[in-house]
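Q: need coordinates for the following:
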Amino acid sequence: MSFFRIDVHSESWPLKDAFTISRGSKTTAHVVVVTVRDGAYEGRGEAVPYARYGETVDGVLADVNRIAAAIAGHRDLVHVLKPGAALNALDCAFWDLEAKRSGKSVATLAGLPEPVTKLTAFTISLDTPDAMATKAAAVRDLPLLKLKLGGAGDTERMRAVRDARPDARLLVDANESWTPDLLAELIAAAAACEVEVIEQPLPASADDALRSVEHLVPICADESVHTAADLDHLESLYDAVNVKLDKAGGLTGALALSREARRRGLKVMIGSMVATSLAVAPAMLLAAEADWIDLDGPLLLARDRQPPLRIENGMIFPPASELWG
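A: Numbering: from 1, shown residues only. Predicted structure coming up:
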């Protein structure tokens, strides 16, 4: 029998603008929030069910409710849930609870350095070249941009944004929309536009094509990597991995993935789904040594939960303990 009370519910947070990638568009962030209470203290975690991985809000709610009574402690989680949104929300809630109970930060409990202020990428949604260039020009205070791409027309999109923002650092994310026959051409275009990294150009099922093309720009796995167990398959295919708590199953799994990726000589991006500051805060513990961080979800919302993460001119500050950790 559980010694904890575990509550779970869903929330909807409107976005400032439509968020569009190659797989579709949305105007609302649908999240799941877990609260774990031991009587005197409580901890919270937030996760985003992702249809690409077969998840739904209702399914994640059901998963948490199904195992809630069986959880005797934090370490039990990995034995009853596979990596994904449900495990993420619970894992982060337990870390937060342990911090509140002990009076120590999660960083201290996990043997990590305290979070530091870091530059986050800001996402420019998939659109026409002119529209993306206009959006990039409108955020001149943000020095690191991530462009969502979609396949055909991506050369023009990258060139248009580069012309509009010659000062900006650029990352691109194709969300599996490129095809092997376009790969060399689009990598060359990215290199010409001084793009720093190309995220998940091909569908995860077509990864092998990355062996036969020159990596003029580092290639980063996202949909192709969830946990440290996936890294063997990525050898010689990718130069970097995008570590997301929702994929890895929380801070615990993300920490293991980040450490193993580093050990193998891969670069690391720390990312998140579109969510509130509560979901992003735990990822800040992994950001200090990351090559890139992409934690701009709160900037995309019409409003954020309180207290929010502080983000100024692209710099994201460590979370207050009242928020998480």
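Q: so the residue lying closest to Lys148 once chain neighbours are set aside versus Gly151, what's the distance?
A: Sequence neighbours aside, Leu126 is the residue nearest to Lys148 in space, at 4.2 Å (criterion: CB to CB, 6 or more residues apart in numbering). (Glycine included, C-beta is placed from N, CA and C.) Counting by CB to CB, to the nearest Å, the separation of Leu126 from Gly151 is 10 Å.
Q: what is the helix or strand where Ser12 lies packed up against?
A: For Ser12, the element it lies in under DSSP states H and E is strand 5-21. If you count contacts as 3 or more CB pairs under 8 Å, 6 or more residues apart in numbering; DSSP states H and E, strand 5-21 packs onto strand 24-37, helix 57-67, helix 85-102, helix 297-300.
Q: put the alpha carbons of it into CSV.
A: Output in CSV follows, covering the C-alpha atoms of strand 5-21 (Å, rounded to 0.1, in the frame of the first residue of the first chain):
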residue,chain,number,x,y,z
ARG,A,5,-1.3,10.4,-1.7
ILE,A,6,-0.9,10.8,-5.5
ASP,A,7,-3.3,13.1,-7.3
VAL,A,8,-3.3,13.7,-11.1
HIS,A,9,-5.2,16.0,-13.3
SER,A,10,-4.9,17.6,-16.8
GLU,A,11,-4.7,21.3,-17.7
SER,A,12,-4.9,23.3,-20.9
TRP,A,13,-2.7,26.4,-21.4
PRO,A,14,-3.4,28.6,-24.5
LEU,A,15,-0.4,29.6,-26.7
LYS,A,16,0.4,33.2,-27.8
ASP,A,17,0.4,32.0,-31.5
ALA,A,18,-0.1,28.7,-33.3
PHE,A,19,2.8,26.3,-32.8
THR,A,20,3.4,24.5,-36.1
ILE,A,21,5.8,21.7,-37.0
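Q: what is the mean pLDDT for it?
A: Strand 5-21 comes out with an average pLDDT of 96.
Q: hmm, who's touching that strand?
A: Outside strand 5-21, the residues within contact range by CB atoms under 8 Å, 6 or more residues apart in numbering are 25-38, 57, 61, 64-65, 68, 71, 89-90, 93, 123, 125-127, 148, 150, 173, 175, 274-276, 300-304.
Q: quick check: ChimeraX command selecting the buried ones in these.
A: Per 16 or more other CB atoms under 10 Å, the buried members of the contacts of strand 5-21 correspond to this ChimeraX selection:
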select :29,30,31,32,33,34,35,36,57,61,64,68,71,89,90,93,123,125,126,127,148,150,173,175,274,275,276,300,301,304
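Q: would you map the helices across the stretch 201-325 of the chain?
A: Using DSSP state H, counting those that start in this stretch, the helices of the stretch 201-325 of the chain run over residues 231-234, 245-248, 251-263, 277-280, 297-300.
Q: Val241 versus Met234, what's the distance?
A: Met isn't right for residue 234; it's Leu. 7 Å.
Q: between those two, who's got more neighbours?
A: Taking other CB atoms under 10 Å, Leu234 and Val241 do not tie; Val241 has more neighbours (28 against 20).
Q: distance between the strand holding Ser12 and the chain's centre?
A: Distance of strand 5-21 from its chain centroid, counting by CA atoms, centre = their mean, to the nearest Å, is 14 Å.
Q: by how many degrees do it and helix 85-102 diverge?
A: 130 degrees (axes from the mean of the first three to the mean of the last three CA atoms, to 10 degrees).
Q: just put the helices and strands packed on strand 5-21 in a markdown table and tack on mean pLDDT and distance to Pro203.
A: Converted to a markdown table, those look like this (pLDDT from 0 to 100; distance: least, CB to CB, whole Å):
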| stretch | mean pLDDT | distance to Pro203 |
| --- | --- | --- |
| strand 24-37 | 96 | 15 |
| helix 57-67 | 96 | 23 |
| helix 85-102 | 98 | 22 |
| helix 297-300 | 96 | 24 |
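Q: Lys247 is nearest to which of these?
A: Nearest to Lys247, of all the helices and strands packed on strand 5-21, is helix 85-102, at 8.3 Å by CB to CB.
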